[in-house]
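Trainee: sequence first, then the predicted structure, then my questions.
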Amino acid sequence: MIEFPNDVKSRNDFILAEVEAGNFFFTWGEVTSKAKIPGSKEEDVAIFRVMQDALMVGGVRVNVSARLQTAIADVLGASLMTALVSDLRFAQASVKVGPKPMPITSSTQAMVLHSHSVDEACPPGSEGKLISTVGKDWIIDEKLTRAGKACNYGWHFFGYSYQGISGSAACSQQGKERLSVIQPNATAHDPDHVDYSQVCVLMDRACTVNGEDWDVLELMGSEKAHLISHTGKLSVFRQPL
């Protein structure tokens, strides 16, 4: 197995270098977003490409800060997800995996252990399928109004509590059963925070809206932003650094 540095800064540099060198693995899958057109019986339909599992280096779901995830997104021509896309990704995943909470730490040992715990929870034949939840997401959110803040979100599950942990309502309701998250969208961390739960799941910049090609960043600021954001049109399209 690949040897990751133990120091977080050195590990971040190592992960980015591996991505820039092409030494990583992920596959794209699709999620669909539908929303009623105001004043019409018809729907707008957007199709987003999202990572089917977290980005892996050496077979490990690497931990990333919001800063590092933004740098990786730039290399891949991708974007951080929004809360709505994160919700859709969980709701439409063909393989559902429960959150894997552990004592909070940013150690490399915990990163590897968390990744292995997700592997063990995936049933045989999960490869190449959309899997969620594999960790928490750094997201684009209207709460990111100034530099120095990052917004994390996720650890989805259906119901009101998970292993005795009370959940918060997800930013969007998907289906009839209550969709909850352990981590509501919040800006308690700065762009350099990293811990074992923060993995790299991105969406492609390219998407389609009603069959036409769009850029997700253009969509975030458009009149059809309700397809990508639970709050509608966004004024923030990128992690402030």
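Mentor: Noted; the coordinates are in hand. Worth saying up front: this structure is predicted, and the values here are computed from it rather than measured.

Trainee: CA only for contacts and neighbour counts going forward, please
Mentor: Will do.

Trainee: what about residue 80, which SS state?
Mentor: strand (DSSP: H, G, I helix; E, B strand; the rest coil).

Trainee: and it, how close does it get to residue 139?
Mentor: According to C-alpha to C-alpha, to the nearest Å, residue 80 and residue 139 sit 5 Å apart.

Trainee: do residue 11 as well
Mentor: To residue 139, residue 11 is 22 Å away according to C-alpha to C-alpha.

Trainee: of those two, who's got more company?
Mentor: residue 139 (30 against 19; other C-alpha atoms under 10 Å).

Trainee: tell me what the more buried one is bridged to.
Mentor: When bridges are taken as DSSP bridges, the partners of residue 139 come out as residue 81, residue 151.

Trainee: any idea how far it is from residue 124?
Mentor: As defined by C-alpha to C-alpha, residue 139 lies at a distance of 30 Å from residue 124.

Trainee: over to residue 10?
Mentor: 34 Å.

Trainee: which residues does residue 190 contact?
Mentor: Shown in contact with residue 190 (C-alpha atoms under 8 Å, 6 or more residues apart in numbering): 66, 148-150.

Trainee: for this structure, which segments count as helices?
Mentor: 8-20, 66-76, 83-91, 108-121, 216-220 (DSSP state H).

Trainee: may I see these organised as TSV, with mean pLDDT and distance to residue 59 added?
Mentor: As requested, the helices of the chain are arranged in TSV below (pLDDT from 0 to 100; distance: least, C-alpha to C-alpha, whole Å):
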stretch	mean pLDDT	distance to residue 59
helix 8-20	98	12
helix 66-76	98	17
helix 83-91	98	22
helix 108-121	98	9
helix 216-220	97	29
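
Trainee: highest average neighbour count across these?
Mentor: helix 83-91 (a mean of 25; mean count of other C-alpha atoms under 10 Å).

Trainee: relative to strand 78-82, how tilted is that one?
Mentor: Using axes from the mean of the first three to the mean of the last three C-alpha atoms, to 10 degrees, the direction of helix 83-91 lies 90 degrees away from that of strand 78-82.
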